[in-house]
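> Provide a 3D model corresponding to the input given below.
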Amino acid sequence: MSRPFRIELLKKHDRTQFECGQEELDEYFKVRVGQDVRRRVTVCYVLVENESEEIAGYYTLAAGGVPVGELPEMITKRLPRYPSVPVARIGRLAVDQRYRGQKLGDALMADAIRRSIDSDVAVFAVVVDAKDDSLMAFYKNRGFVSLSSAPHTLFLPLSEAIKRLA
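Residues are numbered from 1 along each chain as shown. Alright, predicted model coming up:
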């Protein structure tokens, strides 16, 4: 029996029916994500239900950097003296309302982390921007820690992510 869902790069998928309930995320996915992908400022992965071919969720992933001074001292004392560390940024992550309650957000996040771990590009951590306090709690419950000057920006060192995924 095959998995009920698969995760793949966004290509010519039908995005018109996707609704997560947050207008900003819905509009971005339906209208602008294709432009960002073509400009190579992000990649977008979609979670597709195998039987219906409907998009159940998506996330975007891009390279970035975080100034070392933003990280807790317990982490920076083990790092080389560079001004910043390379990160993979989960820019947006959303699950269609029809698929809520199935832990698909966790599956999308785990996929983003796995791709960051498996990348041939050096990545020290995964970074997310939590839009509100409930999302901040979601990420903190999964081991993410707030940056010192931007509490809604959270990071998870890949060394910690590997332990959590094992």
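
> Is residue 15 in contact with residue 29, as I believe?
Yes - with contact defined as C-beta atoms under 8 Å, residue 15 reaches residue 29; the gap is 5.7 Å. The C-beta positions use only the backbone N, C-alpha and C, and glycine is treated the same way.

> between the two, who's got more neighbours?
Using other C-beta atoms under 10 Å as the criterion, residue 15 and residue 29 rank with residue 29 on top: 24 against 17.

> how near is that one to residue 23?
Distance of residue 29 to residue 23, computed by C-beta to C-beta, to the nearest Å: 11 Å.

> Next, residue 88: secondary structure please.
Assigned with DSSP: H, G, I helix; E, B strand; the rest coil, residue 88 falls in the strand class.

> hang on, it packs against residue 126?
Yes - Residue 88 is within contact range of residue 126, at 5.1 Å (criterion: C-beta under 8 Å).

> where do the contact lists of these two overlap?
Counting by C-beta atoms under 8 Å, 6 or more residues apart in numbering, the shared contacts of residue 88 and residue 126 are 112, 116.

> Comparing those two, which residue is more hemmed in?
Neighbour totals were compared for residue 88 and residue 126, and residue 126 leads with 25 against 22 (other C-beta under 10 Å).

> Sticking with that one, tell me its helix or strand.
Using DSSP states H and E, the element containing residue 126 is strand 125-129.

> so after that strand, what's the next helix or strand?
By DSSP H and E, the next helix or strand past strand 125-129 is helix 133-140.

> buried ones in that following helix?
Within helix 133-140, the residues that count as buried by 16 or more other C-beta atoms under 10 Å are 135-136, 138-139.

> any chance of these in TSV, with distance to residue 73 and pLDDT too?
As requested, the buried residues of helix 133-140 are exported to TSV (distance: C-beta to C-beta, whole Å; pLDDT from 0 to 100):
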residue	distance to residue 73	pLDDT
135	26	87
136	22	90
138	26	90
139	21	92
